[in-house]
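Trainee: heads up, no residue letters with this:
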C-alpha cells in the first residue's frame, strides 16, 4: 500500500492578488503553483503522488494564514489557461475557520520563512496528522454521500445493493438528510413476502359502525406520503398574493441568516455587467442592512431594495395565484424577465428571482423501501410501475388506481394518482438474498443501481450517530476494528496470507459475502471482540459456508484473520 505524504504548499502569486489567487483555487478545487516544471519546486509539485495530502497556507504579516486542504486527485500536473501549473483536489476542506483549534500546534508554525512546498514530517507532527486524517475521513465520507445525493436527484429512484451489514439503510437515511429532509419528510417501509398493493397504494379495509361490519377504501403508506409531499407548506401553487408575499419575506430572512453565518456566500444567478456575463453574484454581509426585518432603501451601489418593493413587483406582475404556476419552468424555477420586471433593475431582479426560485424549488421528500426485493414487486406497485418512472414524475404520469371509482371528489388524486416531482425513492437490498430474482427488468430499468461494498462504508464506524446499541468505543479500538474487519474480509475472498490453497480448501466466497460495518457496531453490546465473534460473526459465516467442504477448518482460518490486528 502506498504511503500517504503530507505537504505544506505556499504558492507563488506573480501577476495575481493573493486573494484572487486563492479565490480561483477555491472555485475550481485545484492548487496552483507559480513555478513551472523547469524549476525544481515546480517539478516536485508536478511529481506529487495521487493520494498525497496538501495544506495551502501563507504567512501574512508574520502570521500563518491557512486557506484550504485536500487530496491530490490526478497523476500529474496540468497548465491552466493562464499558464499556471495546477493539480486537481478531492475531499476539498476549507481551513479558514480552523486556524486556532486545528493547526496551532504544528512544528512549522513558528518558522520565520515558509517554503513554496515542504514535506510535513509525521514524526514531529503526530497529533496534527491524526487531526488531519480525521478531517480527511469526515470530508471523504461527506463527498461519498453527496455522490449519492447527485445520483438520486438526477434519477429520482435509487437502489443500494451489496453485502449484508454494509449500512445501506443507514446510508439511505443519511442521503435523505443531506437532501435537506427532516424526519417529517422521510418515509420508511420494509417489504416482506405478504406485503401487497393494499398496504402500499390503497385498498379496502374492514370497519365497524355500531354493530355493522363493512369496508372502506384507505390510502396505503406510499399514497399518503405523496399527499404529504403535495400539501407541504413549503410549496403550494394555490397561494394567494398575500401568502406569496409572506413566503418571500420568510425566505428573505432565511437568506439573510445564511449570509450572516457564512453558509451562503453568493447568489448563484447570472448578472450582466459592463457588457459581459458574470455568474455567481457575490453578496457581502454588509450589503444586507437588515433592520427591524426589512432591508435598507436603495441608493448606494450594492444595497438591496426594501421589502415593499418586492410587494409591488408581486402586485404588478403576479396578479393571480395561477401566475406562478403558469411561468414556472420544468425545473421548478420562474423567469421573472417574462413577467415584465425592469431589465435595468439588475440587483432587484436577481434577488427577487433567487428568492422566488428557492420557494418554487419544492422541498424534497424521500421514501425509503428497506429490503425492497423481499416483496412481490409487481403485486405491490401495480400500475405505479408507470408513475414512478423518472420520465413520468408529476401529472405526466397520472394513472387511475384500482379503486379510482371510490375516491371522493375532494381528494387531491380524485382524477388520477401521480408521484410528485419532489418525491424520491431509495430501495435497499442484499446481493446474496435468494429473493433478488424477484426484481424484474421493468423495475430494474426504473432505478439507478449502486453497489455498496463493505470497504466503502467502513467510515460508518467513525460516526457518532451510528452507535445506537451502546457507547462508541475509543478511536484506538475503532482503528483495531477496521484492521480486523479488513483482514477477515480479505480471508473471505481468499486474499489473506501468502499460503497457496487448492480449490477444495479455499473459502470460495465473493465480495457479496464480506462482513459490513453494521455487524461490528454490535461490539458496543459486549465491549470485547471475542463475544462479537461468538454471538454474531461465527454463526453468519457458518451459514455462508453451508454445503461446502472442510467447514470447521475454514472457520478457523476466518477466525485467525479476524484476530489478526496487523495491517497487511
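Mentor: Sure thing, it's come through. Because the structure is a prediction, the values reported are computed rather than measured.

Trainee: what about the closest residue to residue 90 other than its chain neighbours, neighbour count?
Mentor: Leaving aside its chain neighbours, residue 90 sits nearest to residue 73 (4.1 Å; criterion: Cβ to Cβ, 6 or more residues apart in numbering). Yep, even glycine has a C-beta here, placed from its N, CA and C like the rest. Residue 73: 16 surrounding residues under other Cβ atoms under 10 Å.

Trainee: Just to confirm, what confidence does the model report for the most centrally placed residue in the chain?
Mentor: For the chain, the residue sitting closest to the mean C-alpha position, by Cα atoms, centre = their mean, is residue 146 at 2.8 Å. On the pLDDT scale, residue 146 is placed at 90.

Trainee: Could I get the phi/psi values of it?
Mentor: Here is the backbone geometry of residue 146 (degrees, to the nearest 10): phi -60, psi -30.

Trainee: Identify the residues contacting the residue nearest to residue 90.
Mentor: Neighbouring residues of residue 73 by Cβ atoms under 8 Å, 6 or more residues apart in numbering: 50, 87, 88, 89, 90.

Trainee: can you put those in a markdown table and add neighbour count and secondary structure?
Mentor: Below are the contacts of residue 73 laid out as a markdown table (neighbours: other Cβ atoms under 10 Å; DSSP: H, G, I helix; E, B strand; the rest coil):
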| residue | neighbour count | secondary structure |
| --- | --- | --- |
| 50 | 14 | coil |
| 87 | 23 | strand |
| 88 | 18 | strand |
| 89 | 22 | strand |
| 90 | 15 | strand |
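
Trainee: for the stretch 451-568 of the chain, what spans make up the helices?
Mentor: Assigned by DSSP state H, counting those that start in this stretch, the helices in the stretch 451-568 of the chain fall at 475-492, 517-520, 529-532, 538-544, 551-562.

Trainee: between those helices, which gets nearest to residue 181?
Mentor: helix 517-520 (21.8 Å; Cβ to Cβ).

Trainee: Mind checking the pLDDT average for the closest one?
Mentor: Mean per-residue pLDDT for helix 517-520: 94.

Trainee: Would you mind pulling the contact partners of it?
Mentor: With contacts defined as Cβ under 8 Å, 6+ apart, helix 517-520 is touched by 165-167, 170, 454, 457-458, 460-461, 466, 481, 485, 532, 536-537, 540.

Trainee: swap in stretch 186-200?
Mentor: Residues from elsewhere that reach stretch 186-200 (Cβ under 8 Å, 6+ apart): 173, 176-177, 203-205, 220-223, 225, 365-376, 379-382, 402.

Trainee: Make a PyMOL selection of the buried ones in those residues.
Mentor: Of the contacts of stretch 186-200, the buried ones can be selected in PyMOL as follows, counting by 16 or more other Cβ atoms under 10 Å:
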select buried, resi 173+176+177+203+220+222+223+225+365+366+367+368+369+370+371+372+373+374+375+376+380+381+382
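
Trainee: just checking, which of the contacts of stretch 186-200 belong to helices?
Mentor: By the criterion of DSSP state H, membership of the contacts of stretch 186-200 in helices covers 173, 176, 177, 221, 222, 223, 225, 379, 380, 381.

Trainee: Provide a list of residues in contact with the third one.
Mentor: Counting by Cβ under 8 Å, 6+ apart, residue 177 touches residue 186.

Trainee: Same question for residue 537.
Mentor: Residue 537 makes contact with 488, 515, 519, 562, according to Cβ under 8 Å, 6+ apart.

Trainee: Equivalent analysis for residue 161, please.
Mentor: Residues in contact with residue 161 (Cβ under 8 Å, 6+ apart) are 168, 428, 429, 430, 431, 449, 450, 451, 452.

Trainee: Adding neighbour count and pLDDT, write the residues you listed out as TSV.
Mentor: As requested, the contacts of residue 161 are exported to TSV (neighbours: other Cβ atoms under 10 Å; pLDDT from 0 to 100):
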residue	neighbour count	pLDDT
168	26	93
428	25	94
429	23	90
430	20	86
431	17	79
449	16	91
450	17	92
451	14	91
452	20	91
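
Trainee: and these as JSON lines, adding distance to residue 80 and secondary structure?
Mentor: Converted to JSON lines, the contacts of residue 161 look like this (distance: Cβ to Cβ, whole Å; DSSP: H, G, I helix; E, B strand; the rest coil):
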{"residue": "168", "distance to residue 80": "40", "secondary structure": "helix"}
{"residue": "428", "distance to residue 80": "42", "secondary structure": "strand"}
{"residue": "429", "distance to residue 80": "44", "secondary structure": "strand"}
{"residue": "430", "distance to residue 80": "46", "secondary structure": "strand"}
{"residue": "431", "distance to residue 80": "43", "secondary structure": "coil"}
{"residue": "449", "distance to residue 80": "36", "secondary structure": "strand"}
{"residue": "450", "distance to residue 80": "33", "secondary structure": "strand"}
{"residue": "451", "distance to residue 80": "35", "secondary structure": "strand"}
{"residue": "452", "distance to residue 80": "36", "secondary structure": "strand"}
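
Trainee: Columns distance to residue 24 on top of those, output as TSV?
Mentor: Conversion of the contacts of residue 161 to TSV gives the following (distance: Cβ to Cβ, whole Å):
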residue	distance to residue 24
168	39
428	41
429	44
430	46
431	44
449	37
450	33
451	36
452	36
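
Trainee: average model confidence for stretch 118-136?
Mentor: The model assigns stretch 118-136 a mean pLDDT of 78.

Trainee: Report the buried residues of that stretch.
Mentor: Within stretch 118-136, the residues that count as buried by 16+ other Cβ under 10 Å are 120, 125, 128, 129, 131, 132, 135, 136.

Trainee: and those residues, which of them are in helices?
Mentor: 128, 129, 131, 132, 135, 136.

Trainee: so which of those would you say is closest to residue 155?
Mentor: Checking those against residue 155 with Cβ to Cβ, the nearest one is residue 136 at 28.9 Å.
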